[in-house]
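*Asks:* please work out how this folds:
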Amino acid sequence: MDAVTSTPRETAACERVARAVIFILWAALAGYLAWHHVFWRDEVRALSLALAGDGWGAMLRGIHGEGHPALWYILLRAAHDVIPVKQVLPAVAALIGISAAALLAARAPFRPWLIALILAGAFCLFEYTVSARNYGLSMLVLFAIADRLARRRDSSVVLGLLLAVLCNTNVHSVFLAGGVLLFCGIELVGEDGWRWSPRWRGFAVSAGLAAVGAGLCFATVYPPVNDAAAMAYGGGIPTAMIAAVLMAPAASFADLLPAEFGHGPLSAAALAIMVLGSPLGLIRAPGAWLSSLALLAVMALFLGLVYPGGYRHQALYVVYLITMYWLARSGRGGAWPVQWHAALVQPERVGRALFACLLAMQLLNSVPHLVAATRGPPESRVRDLAAVLRARHLDRAILVSDPDVMLEAVPYYADNPTYLLRGVRFGQVVPFSSAARGGLSLGKMLARMRALHAHTGRPVVALLQLALVRGAPVVRSEGYLGTFSTTPGMVRSFEAATTRIAAFGPAVSDESYEVYLLR
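*Replies:* Have a look, this model is predicted:
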């Protein structure tokens with residue numbers, strides 16, 4: 001009996017079905033995580049800023065110096081203007097993440113197993129889809145650029161506009177835009193040389209529009225209001241520190257390794273091999289390979305010396321690598337001389353294997369999110385707090401907290417007024433500035449609670465992040481927020497004047513509370 005072989009058309013049809021099934025399964029899993037997700041302060045803070053002020057102008061003035069470009073706030077405010085509900089926060093984030101995932105599943109020149117590996121990674125499944133932050137925008141724009149360039153639609157204006165948009169998703173993406181320009185420039189040098197040509201004119205247009213976008217980003221975030229959130233150096237960054245970061249750039253991407261692997265030397269070595277080796281899979285496309293190495297160095301310096309980033313920042317480099325693999329597999333990125341090709345085959349295979357390992361690590365990073373959605377603990381206890389306030393008919397109560405930032409997630413779940421003790425004002429957003437840093441004591445908190453009750457006649461509720469220590473004086477550092485101090489006498493007075501009405505269990509973030517009602 002003759003063997004039955006599939007025709008190319010049948011193979012393509014099967015692959016389309018596989019891609020569709022993978023996307024549907026991913027969407028169902030992301031929807032499950034979104035249903036159980038509790039928004040914490042960094043997510044709600046953006047919504048509070050987007051909706052602040054009497055109009056768009058006031059909103060844009062309010063976000064100046066906040067540390068993020070304007071695009072995310074503009075999208076949130078525009079969505080709220082159309083549908084004035086708080087749920088626009090998860091809706092906009094989900095729409096962006098789903099669009100990026102759909103573009104990848106439908107257009108990327110990857111095998112279905114690799115698409116599944118990318119989609120199931122923590123960055124795509126949770127951080128850039130469920131978590132309502134601005135970083136998912138970077139993934140969507142990068143995938144749009146990859147799709148456009150892969151299809152040889154090299155319109156300089158469209159590419160430049162996409163790069164300008166990319167620059168205004170978050171500060172880190174200015175570096176990503178620079179990487180894409182470097183990719184295009186290296187490809188041009190290899191194909192057209194250094195002579196001036198229409199393609200070089202198009203490149204100049206794209207670079208000019210990207211520069212305008214970077215300028216808008218800079219004008220929005222500088223000078224920074226939240227200066228205490230960045231690393232400070234008295235006389236500039238020492239050369240020795242720069243050299244140390246460049247000697248071990250993978251150390252700036254430590255969160256890409258699952259927590260179960262620990263932080264020992266073997267884990268650090270494994271991460272370094274994957275991070276440094278993944279670009280090797282692009283070695284036959286010089287534009288993709290060299291731009292990936294350059295971006296690795298730049299992001300390592302920024303994350304290691306300027307602004308210490310978490311997983312959501314570090315994973316942007318993984319998304320850039322996906323973009324470069326997309327383009328390299330589509331024949332973009334230039335080529336080395338033909339006589340070099342044979343020597344590059346083995347390094348390319350090693351690099352591809354290491355890149356697959358790096359993506360597999362992100363699959364493991366998804367596990368804690370799935371576990372948290374299934375049996376807890378939640379991201380934050382703020383939803384539980386809102387339920388307690390409703391159950392006790394404290395919907396009108398004024399909320400105070402230590403630290404003040406513990407109040408920032410409240411506006412999504414409850415309409416209680418929030419009072420910032422260090423700022424001595426009502427508000428929903430706490431500045432992370434050196435000027436706003438200050439000391440606070442439990443005694444001052446109690447005095448302010450009594451004053452608020454006397455002035456407004458409303459109940460006053462205090463939220464404490466940590467349990468009170470009764471037997472000894474305590475001075476606790478709260479980072480860029482200042483200090484919080486207690487004495488046994490303050491604790492006795494506070495407990496005599498209040499009733500503890502709730503104490504919640506742990507949360508994935510630090511947002512868990514002991515809740516006290518002023519008598």
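*Asks:* does F484 sit in a helix, a strand or a coil?
*Replies:* strand (DSSP: H, G, I helix; E, B strand; the rest coil).
*Asks:* identify the bridge partners of it.
*Replies:* Here F484 sits in beta bridges with L440, R476, as judged by DSSP bridges.
*Asks:* what helix or strand is the most centrally placed residue in the chain located in?
*Replies:* Nearest to the mean C-alpha position of the chain, counting by Cα atoms, centre = their mean, stands R312 at 3.6 Å. According to DSSP states H and E, R312 maps onto helix 311-329.
*Asks:* so how far is that helix off the chain centroid?
*Replies:* Put simply, helix 311-329 sits 14 Å off its chain's centre (Cα atoms, centre = their mean, to the nearest Å).
*Asks:* mind listing the strands for the chain?
*Replies:* Applying DSSP state E to the chain gives strands spanning 398-402, 419-420, 425-426, 438-441, 460-464, 474-477, 482-486, 498-503, 514-518.
*Asks:* want to throw these into JSON lines with distance to Y413 and mean pLDDT?
*Replies:* Yep, even glycine has a C-beta here, placed from its N, CA and C like the rest. Formatted as JSON lines, the strands of the chain follow (distance: least, Cβ to Cβ, whole Å; pLDDT from 0 to 100):
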{"stretch": "strand 398-402", "distance to Y413": "11", "mean pLDDT": "95"}
{"stretch": "strand 419-420", "distance to Y413": "17", "mean pLDDT": "96"}
{"stretch": "strand 425-426", "distance to Y413": "18", "mean pLDDT": "94"}
{"stretch": "strand 438-441", "distance to Y413": "24", "mean pLDDT": "85"}
{"stretch": "strand 460-464", "distance to Y413": "13", "mean pLDDT": "97"}
{"stretch": "strand 474-477", "distance to Y413": "26", "mean pLDDT": "88"}
{"stretch": "strand 482-486", "distance to Y413": "24", "mean pLDDT": "90"}
{"stretch": "strand 498-503", "distance to Y413": "14", "mean pLDDT": "96"}
{"stretch": "strand 514-518", "distance to Y413": "14", "mean pLDDT": "97"}
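*Asks:* adding mean neighbour count, write those out as a markdown table.
*Replies:* Converted to a markdown table, the strands of the chain look like this (neighbours: other Cβ atoms under 10 Å):
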| stretch | mean neighbour count |
| --- | --- |
| strand 398-402 | 23 |
| strand 419-420 | 21 |
| strand 425-426 | 10 |
| strand 438-441 | 15 |
| strand 460-464 | 24 |
| strand 474-477 | 13 |
| strand 482-486 | 19 |
| strand 498-503 | 15 |
| strand 514-518 | 21 |
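*Asks:* so the residue nearest to the centre of the chain sits against N134, correct?
*Replies:* No. Look at R312 against N134 with Cβ atoms under 8 Å: they stay out of range, at 9.4 Å.
*Asks:* would you map out the domains in this structure?
*Replies:* 8-375, 382-518 (automatic domain parsing).
*Asks:* just the endpoints, please. Distance across the shortest one?
*Replies:* It refers to domain 382-518. 19 Å (Cα to Cα, to the nearest Å).
*Asks:* centre of the chain versus it, how much separation?
*Replies:* In this view, domain 382-518 has its centroid 27 Å away from the chain centroid, taken as Cα atoms, centre = their mean.
*Asks:* before we move on, what about stretch 48-62?
*Replies:* With Cα atoms, centre = their mean, you get 22 Å for stretch 48-62.
*Asks:* swap in stretch 271-282?
*Replies:* For stretch 271-282, the distance to the chain centre is 22 Å (Cα atoms, centre = their mean).
*Asks:* next: stretch 123-138.
*Replies:* So, by Cα atoms, centre = their mean, the centroid of stretch 123-138 is 6 Å from its chain's centroid.
*Asks:* end to end, how far does that stretch reach?
*Replies:* Using Cα to Cα, the end-to-end distance of stretch 123-138 comes to 12 Å.
*Asks:* over to stretch 408-428?
*Replies:* Terminal residues of stretch 408-428 are spaced 6 Å apart (Cα to Cα).
*Asks:* in it, which residues are buried?
*Replies:* If you call a residue buried by 16 or more other Cβ atoms under 10 Å, then stretch 408-428 has these buried ones: 408-414, 416-422, 427-428.
*Asks:* swap in stretch 326-344?
*Replies:* So, applying 16+ other Cβ under 10 Å, buried residues of stretch 326-344: W326, L327, A328, R329, S330, R332, G333, G334, A335, L344.
*Asks:* pLDDT score for A94?
*Replies:* pLDDT recorded at A94 is 97.
*Asks:* so it touches V130, yeah?
*Replies:* Yes. A94 lies in contact with V130 (Cβ under 8 Å); the separation is 7.4 Å.
*Asks:* joint contacts of these two?
*Replies:* A30, A34 (Cβ atoms under 8 Å, 6 or more residues apart in numbering).
*Asks:* which residues of the stretch 401-519 of the chain score low on pLDDT?
*Replies:* The model of the stretch 401-519 of the chain has pLDDT under 70 over residues 433-437.
*Asks:* the closest residue to D384 other than its chain neighbours - how many residues pack around it?
*Replies:* In space, D384 comes closest to F504 once its chain neighbours are excluded; the distance is 5.4 Å by Cβ to Cβ, 6 or more residues apart in numbering. Counted by other Cβ atoms under 10 Å, the residues lying close to F504 total 18.
*Asks:* go on, the one 4 residues further on?
*Replies:* Per other Cβ under 10 Å, the neighbour tally for V508 reads 17.
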